[in-house]
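# give me coordinates for this.
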Amino acid sequence: MILIDAVLFLGFIETVILFFYAVRWYIFTFIVLKSKVKSNPIKHINNKSSGFVTVLLPIYNEPNVVDRLLSACTSFNSPPYEVIVINDSDDGVTTRKLEAWRDHPRVKIIHRSTRKGWKAGAMNVALDNVDPKSTHVLIFDADFVPPSDLASRFLERFNDDTVSVVQGCQRHDLNAEENWVTKSVRAWFSLYNVIELNGQNQLGLFVPLTGSVFMARTEVLKKLKFEEVTDEDWNLTMRLYEHGYKIDFDPTLVASGECPNTLRRLFKQHARWAEGHSRTFTDHFFKIWRSKFLTLKEKIDFVFMGCTFLNCILVVVLTAATLITMLFPQQYLPNPLVQTSMILLLASIPSAIVASITALLKEGARKDLKKIPYAWLASYVVTPVVAYAALKGLITKKGFFHRTYKTGKIVKS
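Modelled structure (predicted):
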């Protein structure tokens, strides 16, 4: 009986937390609906004074996508740029494919014999080998296909000397029609980029890096480098803010990417994110909270961001509380905590629907609205995995970087 009461109480606490997240989404959605997306006009950049971009591509066993990636990244129309590939592959095939690019005038290929530091370690090697003229670094994961004008448009955002890092918009749509898992990823990332990141940026909150499709000043990255952890993007986010740098998000700087296409791959990807995210959040919590460079609203939003994966632990408890109530309605439905929880849930659930619909409509992807139910089914199915991984991140000091396999398939409607 005491255990059940504890579960019901924790379930109530979680509904309060979910309600705060829902209010946050309602506010973000309103802000995004109210705002007008700027066209981000492109000026022709072809002189050295405008900047020299290093395109950085960490590669590990990517035979299905490496040619596609390099074809896109050697086709930028401007500004002056170089492409550095850091190859950790041990499959043989990827390395052979990269050899065909060795004589390309813009491409520099660096082979590593180990995976020391995983993706972060590879990017640190690349930073040690950038062209002396490099002023900005643009980073892509292997599964992305940037448009030819993206480097120019990113660089335009740095006309203001106060801008140090710009996060672009990841649109996971290359294989969105493959199956229900890819459909769920497509819709979920739309919400995250168009509503979450966009809302944070417009309200001056805590904007994180997402590991790919972002540009930073070369001097900033060479100063901070990447810590050799499994969540190098979230870790770098912490250290940027701790050193007084800000991250801007631009929803018009879009690159298409690939979705994980099986539940197993989705589980492993989210588990890696949750474990690393929770570990870094706890390691840097007091540094961020005490930092003189962040406003109070940025610090509060940092807590919301940091608890995202940890919150899944309480979602599991809330599920147990809901099952108990359904199995014994006469005994537990009259409980004021249970009744309050139901009211808060009913007020919270529409926020996810409204935010998802708004995100896809803002992208002009009305046809993808039917993917929303898949997104929320997948997010619930993955919750126990995320809860376990987040808990693991709290009690362990080191993880392992499980790479998400890419198929290279393009399946669009």
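# is residue 107 in contact with residue 66, as I believe?
No: using CB atoms under 8 Å as the test, residue 107 is too far from residue 66 to be in contact (11.5 Å). To be clear about C-beta, it is placed using only N, CA and C from the backbone, and glycine gets the same treatment.
# among these two, which residue is more densely surrounded?
residue 66 (25 against 18; other CB atoms under 10 Å).
# surely the more buried one and residue 97 touch.
Yes: between residue 66 and residue 97 a contact is recorded at 5.3 Å, counting by CB under 8 Å.
# would you mark the buried spots in the helix or strand of the chain with the lowest mean pLDDT?
When the helices and strands of the chain are compared on mean pLDDT, DSSP states H and E, helix 329-332 comes out lowest with a mean of 84. Under the neighbour-count criterion of 16 or more other CB atoms under 10 Å, helix 329-332 has residue 332 buried.
# next SSE downstream of it?
helix 336-362 (DSSP states H and E).
# any low-confidence regions in this protein?
Residue ranges of the chain with pLDDT under 70: 37-49, 413.
# pretty sure residue 102 sits in a strand.
No: under DSSP: H, G, I helix; E, B strand; the rest coil, residue 102 falls outside any strand and is assigned coil.
# tell me what residue 55 is bridged to.
Taking DSSP bridges as the rule, residue 55 bridges to residue 83, residue 138.
# which residue is nearest the centroid of the chain?
Compute the mean C-alpha point of the chain, and by CA atoms, centre = their mean the closest residue is residue 210, 3.4 Å away.
# centroid-wise, who is the farthest residue in this structure?
Outermost residue of the chain (CA atoms, centre = their mean): residue 330, 43.7 Å.
# gap between it and residue 338?
Separation of residue 330 from residue 338 (CB to CB, to the nearest Å): 12 Å.
# what's the burial count for residue 186?
By the criterion of other CB under 10 Å, residue 186 has 26 neighbours.
# OK, contacts around the residue nearest to it when sequence neighbours are not counted?
Using CB to CB, 6 or more residues apart in numbering and skipping residues adjacent in sequence, the residue nearest residue 186 is residue 176, 3.8 Å away. Taking CB atoms under 8 Å, 6 or more residues apart in numbering as the criterion, residue 176 is in contact with 182, 183, 185, 186, 259, 368, 371, 411, 412, 413.
# gap between residue 176 and residue 253?
For residue 176, the distance to residue 253 - CB to CB - is 20 Å.
# same deal with residue 120?
Look at residue 120 and residue 253: by CB to CB, they are 23 Å apart.
# who touches stretch 77-85?
44-46, 48, 50-57, 59, 70, 73-74, 98, 101, 104, 106-110, 126, 129-131, 133-134, 138, 148-149, 151-152, 155.
# drop anything exposed from those residues.
Using 16+ other CB under 10 Å as the burial test, the contacts of stretch 77-85 include 45, 50-57, 59, 70, 73-74, 98, 101, 106-109, 126, 130, 134, 138, 151-152, 155 as buried.
# what segments of the stretch 151-300 of the chain are strands?
Under the criterion DSSP state E, counting those that start in this stretch, the stretch 151-300 of the chain contains strands at 165-172, 214-217, 247-257.
# could those be laid out in TSV, adding distance to residue 393?
TSV is the format used below for those (distance: least, CB to CB, whole Å):
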stretch	distance to residue 393
strand 165-172	23
strand 214-217	23
strand 247-257	22
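# out of the ones you listed, flag the one nearest residue 36.
strand 247-257 (11.3 Å; CB to CB).
# more neighbours: residue 120 and residue 253, which one.
A direct count of neighbours by other CB under 10 Å for residue 120 and residue 253 places residue 253 higher, at 24 against 21.
# skipping its backbone neighbours, what lies nearest the more buried one in space?
residue 168 (3.5 Å).
# ok, residue 208 next?
Per CB to CB, 6+ apart, closest to residue 208 is residue 237, 4.6 Å.
# contacting residues around the one you found?
Taking CB under 8 Å, 6+ apart as the contact definition, residue 237 lies against 208, 209, 247.
# if I read this right, the second one contacts residue 247, doesn't it?
Pointing back at residue 209 there. Yes: the pair residue 209 / residue 247 is scored as a contact, 6.2 Å apart, by CB under 8 Å.
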